[in-house]
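Enquirer: Predicted model and sequence follow; I will ask about them next.
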Amino acid sequence: MDKRNRGGDSVMSIILNNSKARRDYLIGETIEAGLVLRGTEVKSLRAGRGQIRDAFARIENGEAVLCNAHIEEYEYGNRQNHIPTGTRKLLLHKSEIRRLEGLLTSKGTALIPLSFHWKNRKVKVLLGVGKGKAEFDKREDIKERDSDRELRRATMHRMKRG
């Protein structure tokens, strides 16, 4: 397999990140899926013009689709430009779709896009099966992060004094 850098994109580089995903959901299993895009959508993504904060995926009629992902219209596109928030088909094997359907049957679970990235000159989306966090869980995460930061700071201070 050829892993040279062609066309300015590396083998696997991040295009968009979902900053709210890990804050609002407990992410369990992750899966990588292909994405059906039009040419103007790819050009907009190359320019970094999009966001997936409010996006989600679901299974409809045996197919996985991505909803609410906003990819801005291509600046130099013509009348055949794409719709910014249209649904986009996800490319997964039928067995993967069935497995995801099974995981999504429990209450409170959702299929959340974590990131868009380039992989071998194609746009891929990393999906996570997430369970919504309560406000209490978010506060616990903040406390844990603060205590870890304090612990690191104390050990670094102790090492410097040596």
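Expert: Looks like it arrived, so ask away.
Enquirer: so how far is D24 from R145?
Expert: According to C-beta to C-beta, to the nearest Å, R145 stands 15 Å off from D24. Every C-beta, even on glycine, is put in place using the N, C-alpha and C of the backbone.
Enquirer: which one of these two has more residues nearby?
Expert: D24 (17 against 10; other C-beta atoms under 10 Å).
Enquirer: from what I can see that one touches G132, true?
Expert: Yes. Counting by C-beta atoms under 8 Å, G132 is a contact partner of D24 at 6.7 Å.
Enquirer: For S13, grab the count of nearby residues.
Expert: Neighbour count of S13, defined by other C-beta under 10 Å: 11.
Enquirer: Surely it is within a strand?
Expert: Yes. Assessed with DSSP: H, G, I helix; E, B strand; the rest coil, S13 lies in a strand.
Enquirer: Quick one: list the elements packing against the lengthiest helix in the chain.
Expert: Taking DSSP state H as the criterion, the chain has its longest helix at helix 135-161. Helix 135-161 is packed against helix 21-24, with contacts defined by 3 or more C-beta pairs under 8 Å, 6 or more residues apart in numbering; DSSP states H and E.
Enquirer: which parts of the helix it packs on are buried?
Expert: 21-22, 24 (16 or more other C-beta atoms under 10 Å).
Enquirer: out of the residues you listed, who's nearest R79?
Expert: Taking C-beta to C-beta as the measure, R79 lies nearest A21 of the buried residues of helix 21-24, at 34.6 Å.
Enquirer: ok, that closest one - contacts?
Expert: 27, 112-114, 128, 130 (C-beta atoms under 8 Å, 6 or more residues apart in numbering).
Enquirer: how about a cut-off of 7 Å?
Expert: Contact analysis of A21 by C-beta atoms under 7 Å, 6 or more residues apart in numbering lists 27, 112, 114, 128, 130.
Enquirer: Please, which helix or strand holds the fourth one?
Expert: By that I understand G128. Taking DSSP states H and E as the criterion, G128 maps to strand 122-132.
Enquirer: gap between that strand and the chain center?
Expert: Centroid separation for strand 122-132 versus its chain: 5 Å, with C-alpha atoms, centre = their mean, to the nearest Å.
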